[in-house]
Every structure is written in structure tokens, then in C-alpha cells.
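[1] Have a look at this prediction, sequence included:
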Amino acid sequence: MTDSPSPYIPPADLKTHAQFVRFVVVGGTGVVVNLIAVKLLLLTFGDSHKNDAVWAIFGSDYHVRNYHLFAIAAFVVANISNYILNRVWTFRSHGVTDWRSEYLPFLVIGVAAQALGLLILTGFQHPDSPVHIASLVIAQALTIIIVTPINFVGNKAWTFRAAQQHRRDGGGIIPPPSAPPLTP
């Protein structure tokens, strides 16, 4: 019997894997926040009105519907929660970079993933769709699972890159961006 050596995994890869696991855990809390927000909106405005059309999309039988607005509102709440947790725990940039330099990229990536998610959600919720799912909560949960890898890669590569590079370079805290001088 031959003993084969364990495969070597470079420390950088282990760190990325650990970050992805933390990102997924944070994302799990975001899913809970998101789904609670969707459920509260359904309870507030009525499940029977989730498919009411808000705006027609010209040239098609598709419309922006209440469930799209519910998903957007839930996204905003979960995005803020996820940003704070990812900043403090996943990428550990709290105290290293100013939050203002990170939140805009985090939001942009989140909005891009949300836009893709809304297209997917529309496919799940449109009654004539071959992948129609009657439950908005289940459709929303599946949509989140599909777009999570996009969020991780985008945030690792853009949002939290400066803090990771600064830490690798042995630097301390990155100062906040200078505010323009106030003029009377």
C-alpha cells in the first residue's frame, strides 16, 4: 500500500476558500433578512396583489409587478446588512479602509446581481414560464442561490481588494478620503 501525500493547497487558496465560506454564511443571514422582508411585504400588501402590474414593458406581455418592488426593497435591507457583516467578518476590512470607499462598489455589484436576479425571478414568477414557481418566497430563495457566486467574485475582486492588498503590504489603517474644504 502506498501512502500518497496530501495535496498541497497554497495558503492564498485556503484563505479564499475560508472567505467564500464566511461569505456564504453572511449571505445566509442576508437570505433570512431578505426573505423576512419579502414575507412582511406580502403580509402588509397582500399575497393576492403580488402579481399586480405596476408598469408595462412595451412590446411584451411582461410588466414590472409588485413582486419586483418587494424584491428590490428586500434587497436594499439585506444589502446593508450583508455589507456590514462582510466588512467586519468575511474580508476584515473594518479599521483598515474607510467604509465609504467600499460601500459604493459593494452596492454596484449588488445592484448588478439584483438586476440579473430580477430577470431570473421574472422567469420563475411569470405564469407562462416553463420554470414557473407559484411561491414568491421559494422563487426568491432560488434566485439568491443562483446569483451568490457573482456577488462573491465581484466583491473579492473589487470591493474589498484594497484592504486585502494593503494588509499584504504590511500597512496600517488606510485613511478615509479627504473631504473637500468647506467654503462659505
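    Perfect, I can see it now.
[2] Please make it C-alpha for all contacts and neighbour counts, starting now.
    Will do.
[3] CA atoms only for stretch 66-78, dumped as CSV, please.
    Output of stretch 66-78 as CSV, limited to C-alpha atoms (Å, rounded to 0.1, in the frame of the first residue of the first chain):
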residue,chain,number,x,y,z
ASN,A,66,-45.4,44.3,-7.2
TYR,A,67,-43.2,41.3,-6.5
HIS,A,68,-40.4,43.1,-8.3
LEU,A,69,-40.8,46.1,-6.0
PHE,A,70,-40.9,43.7,-3.0
ALA,A,71,-37.7,42.0,-4.2
ILE,A,72,-36.0,45.4,-4.6
ALA,A,73,-37.0,46.6,-1.1
ALA,A,74,-35.8,43.3,0.4
PHE,A,75,-32.5,43.6,-1.5
VAL,A,76,-31.8,47.1,0.0
VAL,A,77,-32.3,45.9,3.5
ALA,A,78,-30.3,42.7,3.0
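[4] what residue lies at the spatial centre of this structure?
    G110 (4.7 Å; CA atoms, centre = their mean).
[5] Which residue is the nearest non-sequential neighbour of it?
    In this structure, G110 finds its nearest non-sequential neighbour in N151, 6.5 Å apart by CA to CA, 6 or more residues apart in numbering.
[6] okay but that neighbour is in contact with Q114, surely?
    No. In this structure, N151 is not within contact of Q114 by CA atoms under 8 Å, at 9.6 Å.
[7] next one: the helix or strand harbouring the residue nearest to the centre of the chain to chain centre, how far?
    Using DSSP states H and E, G110 falls within helix 99-125. Taking CA atoms, centre = their mean, to the nearest Å, the mean C-alpha location of helix 99-125 is offset from the chain mean by 6 Å.
[8] what does stretch 74-90 give?
    What separates the centre of stretch 74-90 from the centre of its chain is 8 Å, taken as CA atoms, centre = their mean.
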